[in-house]
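just need the structure, nothing else, for what follows:
(2 chains)
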Amino acid sequence: MNIENILLDSIKNAIQDLYDTAIESQQVQLQKTNKEFEGNITLVVFPLMRITKKKPEESAEEIGNWLLKNDTHITRFNVVKGFLNLVLSEKLWLEAFNEVIQTPNYGFNSHSTGKTYMVEYASPNTNKPLHLGHLRNIFLGYSVAEILKANGHYVVKTQIINDRGIHICKSMLAWQMFGNGETPESSGLKGDHLIGKYYVKFDKEYKKEIAELIATGQTSEEAEQNAPMMLAARAMLLKWEAKDPEIYALWQKMNGWVYDGFESTYQTMGVDFDKLYYESDTYIYGKDVVEEGLQKGQFYQKEDGSIWCDLSSEKLDDKLLLRSDGTSVYMTQDIGTAIERFKDYPSLSGLIYTVGNEQNHHFKVLFSILKKLGHSWAEECYHLSYGMVELPEGKMKSREGTVVDADDLMASVIDDAREMTKERGQIDSLSENEKEDLYSTIGLGGLKYYLLKVEPKSKMLFDPKESIDLNGNTGPFIQYAFARIQSILRNCEKLPANVVTEISINNYEIELMQHILDYGQVISKAGKEYSPALIANYIYDLVKMYNSFYQSVSILKEENDDVRLFRISLSKKVGEIVQSGMLLLGVNVPNRM
RNA sequence: GGCUCAGUAGUUCAACUGGAUAGAAUGGCAGAUUUCGGCUCUGUUGGUUGGGGGUUCGACUCCCUCCUGGGUCACCA
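So this is what the prediction gives:
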């Protein structure tokens, strides 16, 4: 049962009857009634003025009277300017609510769309540990994958690991020169942190060398090119490409350390992947596709032999795909990798790339080229572009050491949660293990929620103090509401399958039910717009409404049996939605805290 | 310079894609209750939506033009 659809039909009938005109559903504008007026749903009559040929107030009055007479669901109405505010019967709300509590997986699309999407996120370089920017990326990608599943799609979660190139060689070289055989075991450092340490070391020594060369009279560009460290790193890259056994073994060993480190970070984060791609495999992809495109006339060749794609029809500059020496560029591999993924997963409908907004242009070009190559699925590729995370003191800069490390940050929010929960929590009955789980549920929940509640595409400010705050629009605030509901459910009698629909209910309850009825639409919209923020804000509103309701009535002590059971059922349903919605964000909710 | 995205209470974010007097949170101030878990709730304070013009019943939203700040535009990865 969809209340808006019921109203829609009634309104169409009203227009037919009153003005002898058939109208389309799109011409009927319904919205929630503003708080300051009485009513649940409001019809905006301005767009209908052409049909009624009367003043807005008059038209609204006429339609309102017709509805009152002919639709038993409408109990009252009032008109404010061009807005017709309708009050629906309590019974209608309760009937709709009964339907909600009988629907399994309420809000989720229960029948499969048959479509499969691949969501790519994380995609780190293997020369340093993850940082705050990765956290936003990974939480976003993971959440969008969950939201797509809730919409009935199949999802393959993936990442492409940038495991080759000059940056790795820098770490390898520094380790060879200064490492004395240090390992994660011998140093006690996480593998990714160990490698990161040598990447920094490289940079330091390299700068020293540059300074020395400049002192001998070289320009800074010359010095950057000629510094022995850089020459050695380049030489190492060439050896790697030639699969030199010694270098290759070193590369495998050091990457192995990094993967172990990443794995442990992902585990703490609570995210996973279905399929991994490595750049050391994928960097060769794409060349043949480009050659083939040239044959078919989709691309063109310049006199020097370089191959280009003409994108003037898309109002984009032409894009280089193969250099004159025949080597490939980033775009080449991205084209090849996309096509390869469709070979690996023939049922794929589209790809979602979770990548920062500095690559907006890159993906625009990528999708245009894929379309030009005749891949219809290019239409369903999407760049999930997100804004930079900034700190109160400005941007994160690795050179200035202001990068917030992912492992450190997570450990610190969990510590904070421990402190606060010890002071205020009601957790004496929990075992030590359960307590530790709880601290990470709260700490990480706060962090994830904080990073996801902002619209992905806008840049955001990260204030460490605020991220695990307990008040306001925060994860722990929502978790607390859930824990309180669970406390009620522990102390109540068994609930019947249905709620009695002849009881009298108040505005808090109607507002809550109305909001609950929106859940499915919110999930669907969040899926279409790839926006976890919509889910976060929806849950927050739900919890605020519930808290007001909780404060204003008594639930377990209500004497009327039917009303009490209704209020408990309502609480239970709110709890379930909070839990399922938060899980879409990758956030757990605790039974006690 | 070309293209592109953004600019909303002191601060951090919303605004159902053109709808009512632009909403929350936080901060400040003033209250509630001793309960079904106070990590709660209710008031109040705070805005020329960067400036200016236009489109219409109606603009944060669409168009034009300035101002400010990002990003991007490599035979770099």
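
show me the strands in chain A, by range?
Per DSSP state E, chain A carries strands over the ranges A:29-32, A:41-44, A:74-80, A:83-88, A:116-120, A:154-161, A:275-278, A:300-301, A:307-309, A:319-322, A:348-356, A:382-386, A:389-390, A:460-461.

low-scoring stretches of the stretch 251-400 of chain A, by residue?
For the stretch 251-400 of chain A, the stretches with pLDDT under 70 are A:399.

any residues of it in contact with RNA strand B? List them.
With C-beta under 7 Å from any atom of the strand as the criterion, the stretch 251-400 of chain A meets RNA strand B at residues A:302, A:304, A:306, A:317, A:320, A:323-325, A:327, A:329-330, A:357-362, A:388. The C-beta positions use only the backbone N, C-alpha and C, and glycine is treated the same way.

export the strands of chain A as a markdown table, with columns for mean neighbour count.
Formatted as a markdown table, these follow (neighbours: other C-beta atoms under 10 Å):
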| stretch | mean neighbour count |
| --- | --- |
| strand A:29-32 | 14 |
| strand A:41-44 | 21 |
| strand A:74-80 | 18 |
| strand A:83-88 | 22 |
| strand A:116-120 | 24 |
| strand A:154-161 | 21 |
| strand A:275-278 | 15 |
| strand A:300-301 | 12 |
| strand A:307-309 | 21 |
| strand A:319-322 | 20 |
| strand A:348-356 | 21 |
| strand A:382-386 | 19 |
| strand A:389-390 | 18 |
| strand A:460-461 | 14 |
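
taking the stretch 451-593 of chain A, what residue is nearest to RNA strand B?
Relative to RNA strand B, the nearest point of the stretch 451-593 of chain A is A:Gly472 (2.1 Å; C-beta to the nearest atom of the strand).

how much space separates that residue from A:Gly443?
A:Gly472 sits 17 Å away from A:Gly443, going by C-beta to C-beta, to the nearest Å.

which of the two has more residues huddled nearby?
Using other C-beta atoms under 10 Å as the criterion, A:Gly472 and A:Gly443 rank with A:Gly443 on top: 26 against 9.

on that earlier part again, including distance to A:Lys53, could the strands of chain A go into TSV?
Formatted as TSV, the strands of chain A follow (distance: least, C-beta to C-beta, whole Å):
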stretch	distance to A:Lys53
strand A:29-32	18
strand A:41-44	17
strand A:74-80	17
strand A:83-88	17
strand A:116-120	49
strand A:154-161	51
strand A:275-278	61
strand A:300-301	60
strand A:307-309	56
strand A:319-322	56
strand A:348-356	47
strand A:382-386	45
strand A:389-390	55
strand A:460-461	50
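
who does the residue nearest to A:Tyr154 when sequence neighbours are not counted bridge with?
With C-beta to C-beta, 6 or more residues apart in numbering as the criterion, A:Tyr154 has its nearest non-adjacent residue at 4.1 Å, and that residue is A:Thr116. Judged by DSSP bridges, the bridge partners of A:Thr116 are A:Tyr154, A:Leu348.

contact partners for A:Thr116?
A:Thr116 makes contact with A:His153, A:Tyr154, A:Val155, A:Val156, A:Tyr345, A:Ser347, A:Leu348, A:Ser349, according to C-beta atoms under 8 Å, 6 or more residues apart in numbering.

so the second one sits against A:Ser112, correct?
Translated: A:Tyr154. Yes - under the criterion of C-beta atoms under 8 Å, A:Tyr154 makes contact with A:Ser112 at 7.3 Å.

for A:Tyr546, find the nearest of the strands of chain A.
Closest to A:Tyr546 of the strands of chain A is strand A:29-32 (C-beta to C-beta; 17.4 Å).

just checking, what packs against that closest one?
helix A:3-19, strand A:41-44 (3 or more C-beta pairs under 8 Å, 6 or more residues apart in numbering; DSSP states H and E).

the last one near RNA strand B anywhere?
Yes - part of strand A:41-44 sits close enough to RNA strand B to count as contact by C-beta under 7 Å from any atom of the strand, namely A:Thr42, A:Val44.

list the neighbouring strands of that strand plus their orientation.
strand A:29-32 (antiparallel), strand A:83-88 (antiparallel).

test my guess that A:Gly305 contacts A:Gly326.
Yes - at 7.4 Å, A:Gly305 counts as touching A:Gly326 under the criterion of C-beta under 8 Å.

what about the stretch 451-593 of chain A, any weak spots by pLDDT?
Within the stretch 451-593 of chain A, no stretch has pLDDT under 70.

what residues does it have near RNA strand B?
Contact residues (C-beta under 7 Å from any atom of the strand) of the stretch 451-593 of chain A with RNA strand B: A:453-455, A:457-461, A:463, A:470-473, A:476-477, A:480, A:483-484, A:486-488, A:491, A:529, A:533-534, A:537, A:544, A:547-548, A:550-557, A:591-593.

tell me how many other residues crowd the closest residue to A:Phe77 other than its chain neighbours.
Distance criterion C-beta to C-beta, 6+ apart; nearest residue to A:Phe77, sequence neighbours excluded, is A:Gly64 at 4.0 Å. A:Gly64 has 21 neighbours, counted by other C-beta under 10 Å.

and if you look at A:Lys395?
Around A:Lys395 there are 11 other residues, counting by other C-beta under 10 Å.

and it, what are its phi and psi?
Note on A:Lys395: backbone dihedrals following degrees, to the nearest 10 are phi -70, psi 150.

buried residues, stretch A:257-270. List them.
The neighbour-count check on stretch A:257-270 (16 or more other C-beta atoms under 10 Å) flags A:Trp257, A:Val258, A:Gly261, A:Phe262, A:Thr265, A:Tyr266, A:Met269, A:Gly270 as buried.

then stretch A:182-197?
Within stretch A:182-197, the residues scored as buried using 16+ other C-beta under 10 Å are A:Pro184, A:Leu189, A:Lys190, A:Gly191, A:Asp192, A:His193, A:Leu194, A:Ile195, A:Gly196, A:Lys197.
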